[in-house]
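Peer 1: Quick one, what's the 3D model for this:
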Amino acid sequence: MTAPPRPALPREVRIIGGEWKRSKLPVADTPGLRPTPDRVRETLFNWLGQNLSGWRCLDAFAGSGALGFEAASRGASEVTLLERDRTLARSLTASKERLKAANLRVENADALAWMARCGADSFELIFLDPPFDAPLAVPALDAAVRIVVPQGFVYLEMAEAVPPEALAARGLSLHKHGRAGAVHFHLLQRV
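Peer 2: Residues are numbered from 1 along each chain as shown. Take a look at the predicted model:
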């Protein structure tokens, strides 16, 4: 018996709000890359508010860059995109240059190692959307707690809902939670 075919992913995603609304970002055909769908991003930014002026944001597993570019488009003062894959990092840099995104920085780096070196309380918002085929969500969440400011937000996508006791043990509270297909998305707040 053969495995069912992998569903086709979009070749591009569009920014849904802010300065670059309707601008498109390319999506490479890379294993494990699954950009956050428009509907989920729209929900997330409704939860956060449409204007992120003055916020420092980190997109730790950038991939297509949809989350980080969305934050930059909505006025974040600084957005750092981390991408380990060199080809994807080059694509992110090309999109940054095309959009003239002065508030956005792309780093070709391993997210966990980079966050371990980062200073405490460095970001108001951290996006964690690690590849589902790698056990990175929990270590990434542990790293993010240290570098998000008190009352700051951590957005996390993973295959299951995070138990409240696991959040409390990390000094986080569940602000909002949703589900889209097999993906649970969480907006957490450092308490």
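Peer 1: Run through the neighbouring helices and strands of the longest helix along the chain.
Peer 2: The helix that spans the most residues within the chain, counting by DSSP state H, is helix 86-99. Judged by 3 or more Cβ pairs under 8 Å, 6 or more residues apart in numbering; DSSP states H and E, helix 86-99 is in contact with strand 24-26, strand 104-107. Glycine gets a C-beta too; all of them are placed from N, C-alpha and C.
Peer 1: Against residue 139, how distant is residue 95?
Peer 2: For residue 95, the distance to residue 139 equals 28 Å [Cβ to Cβ, to the nearest Å].
Peer 1: Looking only at neighbour counts, state which of these two leads.
Peer 2: residue 95 (22 against 15; other Cβ atoms under 10 Å).
Peer 1: wouldn't that one be in contact with residue 68 here?
Peer 2: No: counting by Cβ atoms under 8 Å, residue 95 sits too far from residue 68 to count as a contact (10.0 Å).
Peer 1: Specify the beta-bridge partners of the spatially most central residue of the chain.
Peer 2: The chain has residue 127 as the residue nearest its centroid, 3.2 Å off, counting by Cα atoms, centre = their mean. Going by DSSP bridges, residue 127 is paired in beta bridges with residue 59, residue 155.
Peer 1: Now do the contacts for it.
Peer 2: Listed by Cβ atoms under 8 Å, 6 or more residues apart in numbering, the contact partners of residue 127 are 57-61, 67-68, 71, 155.
Peer 1: which of those residues sit farthest apart?
Peer 2: Greatest spatial distance among the contacts of residue 127 (Cβ to Cβ): 61 and 71, at 14.4 Å.
Peer 1: Neighbour count: those two, which is higher?
Peer 2: When residue 61 is set against residue 71 and neighbours are counted by other Cβ under 10 Å, the residue ahead is residue 71, at 30 against 24.
Peer 1: secondary structure class for the closest residue to residue 120 other than its chain neighbours?
Peer 2: Leaving out its chain neighbours, the residue that sits closest to residue 120 by Cβ to Cβ, 6 or more residues apart in numbering is residue 146, at 5.6 Å. Taken by DSSP: H, G, I helix; E, B strand; the rest coil, the conformation at residue 146 corresponds to helix.
Peer 1: Sheet-wise, list the partners of the lowest-mean-pLDDT helix or strand in the chain with their directions.
Peer 2: Sorting the helices and strands of the chain by mean pLDDT, DSSP states H and E puts strand 24-26 at the bottom, at a mean of 85. Strand pairing for strand 24-26, using DSSP bridges, gives strand 12-14 (antiparallel).
Peer 1: Now do the partner strand: everything it contacts.
Peer 2: 22-27, 35, 38, 64, 66.
Peer 1: among those, who's most crowded?
Peer 2: That'd be residue 64 among these, by other Cβ under 10 Å, with 28 neighbours.
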